[in-house]
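J.: Predicted model and sequence follow; I will ask about them next.
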There are 2 protein chains.
Amino acid sequence: MENGIPNKIVVAVDTIILAIGKGGLEVLLTQFKYEPYEGRWALPGAVVGVDESLEETAKRILVKRVGDSRLHLEQLYCFGNPDRDARGRSISVAYFALLSEKEKVNNHLTGQYLDMKWFDTKHLPDMAFDHRKIIGVAVEKLAYKLDEIEIIRPLLPTKFTLSELQRVYEILSGKKIDKRNFIKKVKNDETVVLTTEMKTGGAYRPAKLFKFR
Amino acid sequence: MENGIPNKIVVAVDTIILAIGKGGLEVLLTQFKYEPYEGRWALPGAVVGVDESLEETAKRILVKRVGDSRLHLEQLYCFGNPDRDARGRSISVAYFALLSEKEKVNNHLTGQYLDMKWFDTKHLPDMAFDHRKIIGVAVEKLAYKLDEIEIIRPLLPTKFTLSELQRVYEILSGKKIDKRNFIKKVKNDETVVLTTEMKTGGAYRPAKLFKFR
DNA sequence: TCAAAAGTGTTCTGATTACACCCATGT
DNA sequence: ACATGGGTGTAATCAGAACACTTTTGA
């Protein structure tokens, strides 16, 4: 039962902004400028406004940091241990956001946003708060959701080759998979269909392009 | 990024206490005594203490309402729409708790706790806040988690017949399943094993008792 | 002896795994 | 011509679904 007694807990949203990079799954972090976490890296976040839904807070962060709020956004978990923030009691509602075009963000990485950088989720820098753990939970959940190939959609451009799809699948699941078995899986699933176009311009043999339905 | 600016948001934990009852899955609710939700039913909840973790808050609720905090407890979701509480801005971190012995709770349903009652999740009364929706999400998640039979453990006594196990499975999944197929599934799974005991005293033919490993 | 729940096996289908070679292109 | 990634099929195994009759007990 809830009642109206106010408390001193700060409610924040933190976003785990993920994209596929050269080496694997990457997350966008910002460097903290102040004590007690000076120099350490943190997830982009914001305190929830009094008239703002949690998802609106998350979108506000995305607009500021990525320049676009139309990403796949999903609530991950609510972290609330009393010792998670050395500055005082806070709880963080974590959302993950999936991004297909890192480049778009990278245009943001100028001027006032020079404190932002992509990191491979397997090689994270020194992190503030419990954010390392939060990223761990996010990566784990993503792998768990992978039984629906659909979850890959926001991480790819609208058209992609089978190899690109398979690469994302392997990165998220952490497992290698055989090409021939993978195409069977994809064809069964029916969420991914062939287009008539070919990926040209790449080195070597052109590949058929697929898209999500 | 989080900072220390205080806000006016109340952080509460609400618990969805579930058990298997005569008609199906049941949830324990309390009747609200005050405006603006007078007479409506709500999930047992509490405001999070400043030095208390979210899970500790949930356990505090369980001790008070059920007399036991050693239930299966799991965070469900964080609900935070600005209009979810007519009295002011609040967010609710929902936890579900699974209970095998409704009777234990029923001893609590006396004196100051006469405002507590079990309801079938399919026939809920008029509810306060967004609690009807929260219960819906909980029931859905439970069905989703059912691919691991393990999730049924906290809803059953330590020893149980195959039919009892199957009944819970059917209630949570919302589907009928064939007896012979069900035992194959259970045997494959290997989390449930046969004991040497029989369920005697019931009407008709005695049944073998199983237990979780 | 009857009512009610317990107990039991086979067949079919669809998904998953293991596995190896030729093809099309740019350099 | 060669290096590189694109593209393809078969056989074995396993889980899930459909399906009906006999057994044991208490009343």
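T.: Arrived safely. Numbers count the residues shown, from 1 in each chain, chains lettered A, B, ... in the order given.
J.: if I pick the closest residue to A:Ile183 other than its chain neighbours, what's in contact with it?
T.: By the measure of C-beta to C-beta, 6 or more residues apart in numbering or on different chains, the closest residue to A:Ile183 outside its immediate chain neighbours is A:Leu162, 6.2 Å from it. For the C-beta atoms, the positions are set from N, CA and C on the backbone; glycine is no exception. Going by C-beta atoms under 8 Å, 6 or more residues apart in numbering or on different chains, A:Leu162 touches A:179, A:182-183, A:186, A:207-208, A:210.
J.: How much space separates A:Leu162 from chain B?
T.: 28 Å (C-beta to the nearest C-beta, to the nearest Å).
J.: What's the separation between that residue and A:Leu172?
T.: Note on A:Leu162: its distance to A:Leu172, by C-beta to C-beta, to the nearest Å, is 16 Å.
J.: Run through the helices of chain A in chain order.
T.: A:54-66, A:102-106, A:131-144, A:162-173, A:179-189 (DSSP state H).
J.: re the thing from before, buried ones from the contacts of A:Leu162, can you make that a PyMOL selection?
T.: Entered in PyMOL, the line below selects the buried ones among the contacts of A:Leu162, by 16 or more other C-beta atoms under 10 Å in any protein chain shown:
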select buried, chain A and resi 182+186+210
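J.: List, out of the contacts of A:Leu162, those positioned next to DNA strand D.
T.: Restricting the contacts of A:Leu162 to those adjacent to DNA strand D (criterion: C-beta under 7 Å from any atom of the strand) gives A:179, A:183, A:207-208.
J.: Let me have those in a markdown table, extended by distance to DNA strand C and pLDDT.
T.: Converted to a markdown table, the ones next to DNA strand D among the contacts of A:Leu162 look like this (distance: C-beta to the nearest atom of the strand, whole Å; pLDDT from 0 to 100):
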| residue | distance to DNA strand C | pLDDT |
| --- | --- | --- |
| A:Lys179 | 6 | 97 |
| A:Ile183 | 10 | 97 |
| A:Ala207 | 10 | 95 |
| A:Lys208 | 11 | 96 |
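J.: Of the residues you listed, which is the nearest to A:Ile151?
T.: Lowest distance from A:Ile151 to these (C-beta to C-beta) belongs to A:Ile183, with 18.5 Å.
J.: Report the separation between the closest one and A:Lys102.
T.: 27 Å.
J.: Do I have it right that A:Asp130 meets A:Arg84?
T.: Yes - assessed by C-beta atoms under 8 Å, A:Asp130 is found in contact with A:Arg84 at 4.6 Å.
J.: tell me, what's touching these two both at once?
T.: Each of A:Ser92 lies in contact with both A:Asp130 and A:Arg84 under the rule C-beta under 8 Å, 6+ apart.
J.: Am I right that A:Val168 is in contact with A:Ile20?
T.: Yes - A:Val168 lies in contact with A:Ile20 (C-beta under 8 Å); the separation is 5.6 Å.
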